[in-house]
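In: Sequence and predicted structure, then a few things I'm wondering about:
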Amino acid sequence: MSAAGARPARSRLGDAATYLFLTVTAIVMLTPILWIFSTSLKPTPEILVSPTRLLPTAPTLGHYGVALSGDFRSFLVNSLIAAGGATVAGLLLAIPAAFGFAKYAYRGSAGFLSFIVVTRVFPPIALALPFFLQFRTMGLIDTPWGLVVAYLPIVLPLMIWILHGFFRDFPDELIEAAEIDGLGPLATLVRIVLPLSLPGLGVAALFGFLVAWNEFVIALTLTRTPGGGQTLPVGISTLITQFQVLWGDMMAVAAIYLLPALAVTMLTQRGLIRGLMQGATKG
Amino acid sequence: MQSEVADIPAEPGTIPLRPRRRGRTGIALTTPALLVLAAAMLYPIGYTIWLSFNSSRTALSGTPDFVWLANFLKIAANRDFQAALLQTVGIVAASALLEAILGLSIALALHRALAGSRIFQTIFALPLMIAPVVGALAWRFVFADGYGLIDTIARDFGGEGPLWFADVWLARAAVVIANLWLALPFDILVLLAGLTALPTEPLEAARVDGASPAQILTRIMLPLLKPVIAIILVTRFADAFRIFDVVYVLTGSGPANRTDVLSTFIYRQMFTNFDFAGGAAASVLLVILTSAASLAAVLLLRERQGRA
């Protein structure tokens, strides 16, 4: 037998067992997502009928119409403002900071960076009350703009760490060449480093956006009304506890809410793994 | 901002920026972010710690009312807190065990790189960035009585699904399953990345020496994977101890608050019972617990790595 390959020795039985195991687990992983999309496309009378069917017999986009109007649209707009605002503000602060930490180390900078990474273990519930009390006096309760501020402590450390990883690997020679040509650090960053770091910027932006987009505890604490600052997850959680849940509408909202996360995961798997391992680690 | 640097043409062959100037540039670049983090992260955490040593009246009036450890003693004696603490530790432990078994099995199966592995890998990655609220909503729609997927399928076959949210242990299982579903993609992808990066020589040598697959896994692969496992443990501890969304949306802490965890307990203590100081004390304990678990994971795996 010449089973000297890099992989474990193959056997048909082993392969079959592997496929069986992967298929069963994959179906379980996939079911909740499929069920959300399938239910969102079923007309209401079809949702709870027996026998259970995966595919709708008469698919409809009616639930999506509801999901994009009224309160749901407010939730969506608030989520977009909160997550989009936190992403933009986060990038503006994180890009120079990560560049500084990566290429212009100073006494204490390594300590600052480690501390920023360690803040990952702080549970958001520990931030909720101080923000609530502070925002009450500032009139920022129940606004998506307040959430932009409240999301910075979550988004910013993640972005700094992801970008630091990318900037650290950036060749020093290019930066030195730019400096010899008379470019200042900011000009070097904007004209030389950033155009060559677009994948890193993309990963940091997507990650920051999704973390804010998915955030729940802080939004639940700091928002009160759909027209005020309530975001999609808060909207979903309040509607699900009502007596009569309109499952079709609910699942259409969930489907819309899911799309960015699914799209990012499918399109940028490689970058995501790198970002996850960097953003999450070395604590 | 740093335009004066641009005005000085550097002589060829010299280091463009002297160390002191490099340091000043670093400070200028990092200060805005550090100031924002001090205001939006350190101040709130510091306030929570400060409040945990004062009475709840302090939160509204702003005047200090130092009570030493009274809040901590009161919280520690609170039966709901004890239950939530036990519940949280139980969920973390159960999740860690199941994630280790399933995550490693699936990663190893994908690592065999059979035809179609890429498709499977994409499927397993899907829940990676999904909001916990949506994950919980989806699983609620699977487990729920009457309209839930399990119950409707059971009725298709003339039976009846279990009442997941009426039984304490089934409700706990539902929380762990939904949490597992959200966490597994990260475990699988990071383990798979670790497996792919393993050096081939030690594995080859062991195979030539006639080691069994189980021996290769436990004696060679797992020790080599220790840094990767440390990454996963630290990340997952940080996320699992703070679990809130899944419990809030899936079971609403029910039945009868029996699936309450620390974060949901703290939220209720603060915003329903208005015991701000008690909630702050519980928050501080949660921060300590999470940090200790993460630190233990790092130290444990680092030490063993040295010996291996």
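Out: That came in fine, so what should we check first?
In: Provide a list of residues in contact with the closest residue to B:A70 other than its chain neighbours.
Out: In space, and not counting its chain neighbours, B:A70 is closest to B:S55: 7.8 Å by CB to CB, 6 or more residues apart in numbering or on different chains. In this view, the C-beta of every residue, glycine as well, is placed from N, C-alpha and C. Contact analysis of B:S55 by CB atoms under 8 Å, 6 or more residues apart in numbering or on different chains lists B:65, B:67, B:70-71, B:277.
In: Show me which of those is closest to B:L299.
Out: B:N71 (29.9 Å; CB to CB).
In: per-residue confidence at the residue nearest to B:A70?
Out: On pLDDT, B:S55 comes in at 93.
In: Ramachandran coordinates for B:N54?
Out: phi -120, psi 170 (degrees, to the nearest 10).
In: what's near enough to touch B:N54?
Out: So B:N54 contacts B:64-67, B:277 (CB under 8 Å, 6+ apart).
In: can you check B:S105 too?
Out: Applying CB under 8 Å, 6+ apart, the residues near B:S105 are A:F21.
In: and what of A:F166?
Out: A:F166 neighbours (CB under 8 Å, 6+ apart): A:98, A:197, A:199-201, A:203-204.
In: Can you say which of the residues you listed are buried?
Out: A:98, A:197, A:200-201, A:203-204 (16 or more other CB atoms under 10 Å in any protein chain shown).
In: Could you list the low-pLDDT ranges of chain A?
Out: A:1-10, A:242-244, A:270-272, A:274-283 (pLDDT under 70).
In: of all the contacts of B:N54, which comes closest to A:I162?
Out: B:A277 (36.5 Å).
In: what helices or strands is the helix or strand hosting the closest one leaning on?
Out: In this assignment (DSSP states H and E), B:A277 forms part of helix B:276-307. With contacts taken as 3 or more CB pairs under 8 Å, 6 or more residues apart in numbering or on different chains; DSSP states H and E, helix B:276-307 sits against helix A:125-138, helix B:43-51, helix B:57-61, helix B:70-77, helix B:79-111, helix B:226-241, helix B:262-271.
In: Pull out the buried residues from it.
Out: Quick answer for helix B:276-307 (16+ other CB under 10 Å): B:276-287, B:289-291, B:293-294, B:297-298, B:301.
In: ok, now stretch B:219-226?
Out: Quick answer for stretch B:219-226 (16+ other CB under 10 Å): B:220-221, B:224-226.
In: Which residue is the nearest non-sequential neighbour of the spatially most central residue of chain B?
Out: When CA atoms, centre = their mean is applied to chain B, the residue found nearest the centroid is B:D239 (1.6 Å). Closest residue in space to B:D239, ignoring its immediate chain neighbours: B:A183 at 7.2 Å, by CB to CB, 6+ apart.
In: what's the pLDDT at the one you found?
Out: pLDDT, read off for B:A183, is 95.
In: Quick check: which element contains it?
Out: Counting by DSSP H and E, B:A183 is part of helix B:168-196.
In: so that helix versus helix B:79-111, what angle?
Out: If you take axes from the mean of the first three to the mean of the last three CA atoms, to 10 degrees, helix B:168-196 sits at 40 degrees to helix B:79-111.
In: Mind listing what's buried along helix B:168-196?
Out: B:170-172, B:174-195.
In: which ones are touching A:A150?
Out: Per CB under 8 Å, 6+ apart, neighbours of A:A150: A:127, A:131, A:135, A:218, A:222, B:40.
In: Taking those residues, please make a ChimeraX selection of just the buried ones.
Out: ChimeraX command restricting the contacts of A:A150 to the buried ones, with burial defined by 16+ other CB under 10 Å:
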select /A:127,131,135,218,222 /B:40
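In: from the contacts of A:A150, which is closest to A:L259?
Out: A:I218 (22.5 Å).
In: Which strand or helix spans the closest one?
Out: Going by DSSP H and E, A:I218 is in helix A:217-222.
In: Output that helix in PDB with nothing but the alpha carbons.
Out: Extracted in PDB, the C-alpha atoms of helix A:217-222 (Å, rounded to 0.1, in the frame of the first residue of the first chain):
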ATOM      1  CA  VAL A 217     -28.600  44.300  24.500                       C
ATOM      2  CA  ILE A 218     -27.500  47.900  24.200                       C
ATOM      3  CA  ALA A 219     -30.200  48.700  21.600                       C
ATOM      4  CA  LEU A 220     -32.800  47.100  23.900                       C
ATOM      5  CA  THR A 221     -31.700  49.300  26.700                       C
ATOM      6  CA  LEU A 222     -31.300  52.600  24.900                       C
END
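In: still on that earlier bit, out of the helices and strands packed on helix B:276-307, which is the most enclosed?
Out: Highest mean neighbour count among those (mean count of other CB atoms under 10 Å in any protein chain shown): helix B:262-271, with a mean of 24.
In: How about A:L55: what's its closest non-neighbour residue?
Out: Nearest one to A:L55, counting by CB to CB, 6+ apart, is A:S38 at 6.7 Å.
In: Summarise which helices and strands the helix or strand hosting that neighbour is packed against.
Out: Take DSSP H and E as the rule and A:S38 turns out to sit in helix A:12-40. Under the contact criterion of 3+ CB pairs under 8 Å, 6+ apart, helix A:12-40 touches helix A:247-267, helix B:79-111, helix B:117-125, helix B:132-143, helix B:168-196.
In: mind listing what's buried in it?
Out: Buried-residue list, helix A:12-40, by 16+ other CB under 10 Å: A:18-19, A:22, A:25-26, A:29, A:31-33, A:35-40.
In: Tell me the one of those residues nearest A:L93?
Out: A:I33 (34.3 Å).
In: quick one: the closest one and B:L126 touch, right?
Out: Yes - between A:I33 and B:L126 there is a contact under CB atoms under 8 Å: 6.1 Å.
In: Which neighbours do these two have in common?
Out: A:L262.
In: quick one: contacts for B:L85?
Out: B:L85 neighbours (CB under 8 Å, 6+ apart): B:262, B:285.
In: Swap in 10 Å and give it another go.
Out: B:75-76, B:78, B:260-262, B:265, B:282, B:285-286, B:289 (CB atoms under 10 Å, 6 or more residues apart in numbering or on different chains).
In: how about the residues you listed in a markdown table, adding distance to A:I116 and pLDDT?
Out: Below are the contacts of B:L85 laid out as a markdown table (distance: CB to CB, whole Å; pLDDT from 0 to 100):
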| residue | distance to A:I116 | pLDDT |
| --- | --- | --- |
| B:I75 | 29 | 96 |
| B:A76 | 32 | 96 |
| B:N78 | 34 | 96 |
| B:D260 | 32 | 96 |
| B:V261 | 27 | 97 |
| B:L262 | 24 | 97 |
| B:F265 | 29 | 97 |
| B:A282 | 25 | 97 |
| B:L285 | 23 | 96 |
| B:L286 | 20 | 96 |
| B:L289 | 21 | 95 |
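In: Check the contacts of B:S55 against chain A and report the nearest one.
Out: Chain A has its nearest neighbour among the contacts of B:S55 in B:A277, at 9.8 Å by CB to the nearest CB.
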